[in-house]
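> sequence and predicted structure below; questions after.
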Amino acid sequence: MKRRDFLKATLAMAGVMMLPEIPMAATPRKLVLVHLFGGNDGLNTVVSDSSLYRKLRPRLALKADQVVPLKSGLAFHRALEPLMPIWQTGRLALINGVGYPEPNRSHFHSSDIYHTAVLRGTARYGWLGRFLDSNQAGAVNVGSTLTRALYAKIAQPLCIKTADPFRIQGHQAELSAMYRDFGGHLGSTFAHLEEAMDHCQACPGESVSSGDFGKSLDVILRLLPHGRVFCTALSGFDTHSSQPKRHAEVLSELARGLAGFLAALRRRGQDRDVVVAVYSEFGRRVEENASGGTDHGTAGPLFVLGTGVKGGLYGEVPSLSNLKEGDLVHTVDFRAVYSTLLSRWLQADASAVLGGNFPALAFL
């Protein structure tokens, strides 16, 4: 086995991909993206006080004791209760009806659309990858696969394959010695990895929440100096059957993780520097199915959280009576959300990144 292949295999065992050199962030503002993979059921996440909702979902419609009221006849699934203090203090924006024209109901195709911001045809680079290339910014991806949103021509993110990257720390001395023999790019690569691990060790006892999602946010928290954009995901939202229990579990994991992450940012005095956006590749069908679940749908809610966010309701709630092929009709193009994040938070040229002009929203 060649030494380079051996090093790659060793790093893979430790949960870390081969890493490029990335620049330290030049400006303080950070963006964290959380993908709810599987297609989150928006109608049971943000619940409408509607008789038609209860009629279309005789078994799945949430009852009054299963929700937490917001305003304007809307409520959160009770599993999201840890987010209520964030909502009440005006640091959570709920954007209703997010989607795109001619929606695709394939997990992977629709994810690609969200990650590239290109509706038709094939896009080689992700929307965040294009931002990174044009702004010479660094990024961190936490997860088993690199999100397509970070695919770039030049920029390469720091890729942590596992929510527990610290497994490498027991092997740092041996790996560092081998990498020093190479010098150049490989030596620089491991130097940046060691620096990242040092940042991790500099925050002992800091924990966002339990579970893999909480651990992934903990990694992001500790590696904030290593980029401007951070991506992770929470799966389990493909609720074709037995939805009530499964959906409550993943929403609870999401809420506990986000609440813990924002609380940790406040403790560290970094809460004004970070905005979190939470999205899913599509929502679910309006009507429940025969298996106690819901099938692939279209539009759904998107959350943006942070001290710099102007909290409240944005976008029109999709009509339950004016459906298209049994699905919700989107009222907000997801690219308008991206445009807002790019122009008003990351201070980038949104039209250049997105390949078109999309109206910014008022949540920033």
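Cool, got the structure.
> centre of the chain versus the helix or strand harbouring Ala352, how much separation?
Using DSSP states H and E, Ala352 maps to helix 350-354. Centre-to-centre, helix 350-354 and its host chain are 20 Å apart (CA atoms, centre = their mean, to the nearest Å).
> what sits up against it?
With CB atoms under 8 Å, 6 or more residues apart in numbering as the test, helix 350-354 has contacts from 117, 127, 130-131, 134, 335, 338-340, 342-343, 357-358, 360. In short, each C-beta sits where N, CA and C put it, glycine included.
> for it, buried residues please.
For helix 350-354, the neighbour count (16 or more other CB atoms under 10 Å) marks 350, 353-354 as buried.
> could you check how many residues crowd around Ser106?
Neighbour count of Ser106, defined by other CB atoms under 10 Å: 12.
> thinking again about what came up before, reformat the buried residues of helix 350-354 as JSON lines; add pLDDT.
Below are the buried residues of helix 350-354 laid out as JSON lines (pLDDT from 0 to 100):
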{"residue": "Ala350", "pLDDT": "98"}
{"residue": "Val353", "pLDDT": "97"}
{"residue": "Leu354", "pLDDT": "97"}
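> the chain: helices as residue ranges?
Using DSSP state H, the helices found in the chain span residues 3-14, 51-56, 84-88, 107-116, 127-135, 172-182, 184-201, 211-222, 243-267, 334-340, 350-354.
> weakest of the ones you listed by average pLDDT?
Of all these, the minimum mean pLDDT falls on helix 3-14 (a mean of 48).
> top of the contacts of helix 350-354 by number of neighbours, please.
Phe131 (29 neighbours).
> okay but that residue is in contact with Ala348, surely?
Yes - using CB atoms under 8 Å, Phe131 makes contact with Ala348 at a distance of 5.6 Å.
> find residues that contact each of these two.
With contacts taken as CB under 8 Å, 6+ apart, Phe131 and Ala348 have Leu342 as neighbours in common.
> so Lys63 versus Gly121, what's the distance?
45 Å (CB to CB, to the nearest Å).
> ok, the two, which is more surrounded?
Ranked by neighbour count (other CB under 10 Å), Lys63 and Gly121 place Lys63 first, with 9 against 6.
> so what's that one up against?
Contacts for Lys63 (CB under 8 Å, 6+ apart) come out as none.
> could you measure from it over to Asn44?
In terms of CB to CB, Lys63 sits 12 Å off from Asn44.
> kindly report the same for Pro69.
Distance from Pro69 to Asn44, by CB to CB: 15 Å.
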